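Engineer: After the sequence you'll find the predicted model.
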Amino acid sequence: MQLIVLLQQTFTEFCWMLEQWVVLNNHDHLMAISHKGTDLPKIIARLHYQSGQLIRKVYPSDLPVWWNYWDYCPRDEKDYFIRLNYLLNNPVKHGYTKNLADYPFSSFDQHIEKVGRESLLRQFSNNNQYQSLILTEDKF
């Protein structure tokens, strides 16, 4: 859980609001809000460096833990929800769990508590294009 705390602290330090997140064994997805937006590469560089140090303490390796990142700004509300659903569903997509509530390295629990079960069901059914969304990391 140190990694989750590091994510939250780093975004807060740069005055960003980390809204949604999921961390898997070889990649993560983050959704954050900023009024400035220009310092995201600095945030990611710091996160990759500091989290890499934490991970290498547990799993020693000479190889990089993280090797790239890319960002995207949703164009409208529909695009936002498609990507949010993709982020939330990532642990199921990659076979980590069948029940999103069982996956501990995600903001899913916070999101469902905030919006409620019925609203979340509508969110997934109204924006189900996330199931066919292909992102760059899928190639690795």
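Structural biologist: Okay, I see it. In this text, all values refer to a predicted model and were calculated from it rather than measured experimentally. Numbering: from 1, shown residues only.

Engineer: Can you find the helix or strand of the protein with the lowest average pLDDT?
Structural biologist: helix 117-126 (a mean of 87; mean pLDDT, DSSP states H and E).

Engineer: just checking, what packs against that one?
Structural biologist: In this structure, helix 117-126 packs against helix 77-93, helix 108-115, with contacts taken as 3 or more CB pairs under 8 Å, 6 or more residues apart in numbering; DSSP states H and E. (Glycine included, C-beta is placed from N, CA and C.)

Engineer: Select, out of these, the one closest to Gln2.
Structural biologist: Closest approach to Gln2 among the helices and strands packed on helix 117-126 (CB to CB): helix 108-115, 18.1 Å.

Engineer: so the closest one versus helix 77-93, what angle?
Structural biologist: Relative orientation of helix 108-115 versus helix 77-93 (axes from the mean of the first three to the mean of the last three CA atoms, to 10 degrees): 140 degrees.

Engineer: Restricting to C-alpha, output helix 108-115 in PDB.
Structural biologist: The C-alpha coordinates for helix 108-115 follow below in PDB (Å, rounded to 0.1, in the frame of the first residue of the first chain):
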ATOM      1  CA  PHE A 108     -13.100   1.200  -7.300                       C
ATOM      2  CA  ASP A 109     -14.300   1.100  -3.600                       C
ATOM      3  CA  GLN A 110     -14.100   4.800  -3.200                       C
ATOM      4  CA  HIS A 111     -15.900   5.400  -6.500                       C
ATOM      5  CA  ILE A 112     -18.800   3.100  -5.800                       C
ATOM      6  CA  GLU A 113     -19.100   4.600  -2.300                       C
ATOM      7  CA  LYS A 114     -19.200   8.100  -3.900                       C
ATOM      8  CA  VAL A 115     -21.700   7.400  -6.800                       C
END
